[in-house]
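> any chance you could fold what I've pasted below:
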Amino acid sequence: MSMRWEDEQQAFWDWITRPQDLRESSADITRMFAPHRELSQVEALGIYNNAYHQRLINISSELYPILYHTLGEEVYARLWLAYLAEHPPRPGPMGLLGEDLHAFARQHPQFGRLPAMLDIIELETRLITLFDRADQSIFTRADLQQLPAEQWPATRWPARDDWALMRSDFDLEGYWAAMQQYLASGEAQPGEVPFGVERVTQEQRVTQKRRVNQDTDVEGNFYLIRRVQHRMQFQRINAPMHCFLSAIGAGDSFADICSRLAHQFPDQDIASLSLSLLLKTVDLELLCR
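From the prediction side, this is the model:
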């Protein structure tokens, strides 16, 4: 019994797009395709399968240049082939190709044991996804000045969609800067980077104390990732700014944000701190009108 044309097309697509050993489907492939004098049907289809995935890997290396040059071609290809086997591309922009890569790598028995690599994946994925967010109106200092003082405590300022927060134990700023110079040198070879990702030193780390059952030092190396005039950038921020922006993202009122700050930073002048953080957030254009 012959297959419908739609079924043949679906079978062809599945054999091409999913990393697999095509010999396991050799009987079905043989029935569907006419033989070739030089190649078996399985070998012929394998050419399409390999070419398809190599093209996807090439595209991904342009989306994830830091990860690609950090891992090198062989390890990078192994990561992506394993990922594509579980998360084949879906219709839409190519920027969606790695949308589940971080979650996949985090659960992988080998790649999940490389925390610096996971942070690189998370950062590059955010740089990709935030870039495509729709433009939104910007809340300015002039807008803030028009807000009556008595309304401030209950006000919830909506966050724009083109920024995000991230925590890392590594000096991603330093690594990114060094990698950009390395890539611009014209001598960059994937996997041959002459420097590594360094953990944040005690001098660099912003440490804040808060009570969690007992007195505990809560350390954080926080980053703000944002789109600025259609270019992506990220920068290290301190713990109070991270607390403030996290509360903005959660939709807290200004009164609740001040309570958060007072709880985490009891030695600070909260009135002055909260106002300075709000003004900085407005100046960074992180709020939506």
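
> I'd like the distance between Leu261 and Ser272.
Computed as C-beta to C-beta, to the nearest Å, the Leu261 to Ser272 distance reads 11 Å. Glycine gets a C-beta too; all of them are placed from N, C-alpha and C.

> what strand or helix carries the nearest residue to Ser168 once chain neighbours are set aside?
Distances taken as C-beta to C-beta, 6 or more residues apart in numbering put Asp119 closest to Ser168, at 4.5 Å, once the chain neighbours are dropped. Per DSSP states H and E, Asp119 falls inside helix 115-131.

> show me where pLDDT drops low in this protein?
1-6, 33-39, 41, 44-48, 202-219 (pLDDT under 70).

> quick check, central residue of it?
Nearest to the geometric centre of the chain sits Thr125, at 2.5 Å (C-alpha atoms, centre = their mean).

> would you confirm that that one contacts Leu96?
No - applying C-beta atoms under 8 Å, one finds Thr125 not in contact with Leu96, separated by 10.3 Å.

> can you list the buried residues in the helix holding Asp119?
Neighbour counts over helix 115-131 (16 or more other C-beta atoms under 10 Å) mark 116-130 as buried.

> so what does it touch, helix or strand wise?
Here helix 115-131 touches helix 65-71, helix 101-107, strand 163-167, helix 172-184, strand 222-228, strand 231-237, going by 3 or more C-beta pairs under 8 Å, 6 or more residues apart in numbering; DSSP states H and E.

> got JSON lines for these, with distance to Asp14 and mean neighbour count too?
Converted to JSON lines, the helices and strands packed on helix 115-131 look like this (distance: least, C-beta to C-beta, whole Å; neighbours: other C-beta atoms under 10 Å):
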{"stretch": "helix 65-71", "distance to Asp14": "27", "mean neighbour count": "21"}
{"stretch": "helix 101-107", "distance to Asp14": "20", "mean neighbour count": "17"}
{"stretch": "strand 163-167", "distance to Asp14": "35", "mean neighbour count": "18"}
{"stretch": "helix 172-184", "distance to Asp14": "37", "mean neighbour count": "16"}
{"stretch": "strand 222-228", "distance to Asp14": "36", "mean neighbour count": "18"}
{"stretch": "strand 231-237", "distance to Asp14": "35", "mean neighbour count": "15"}
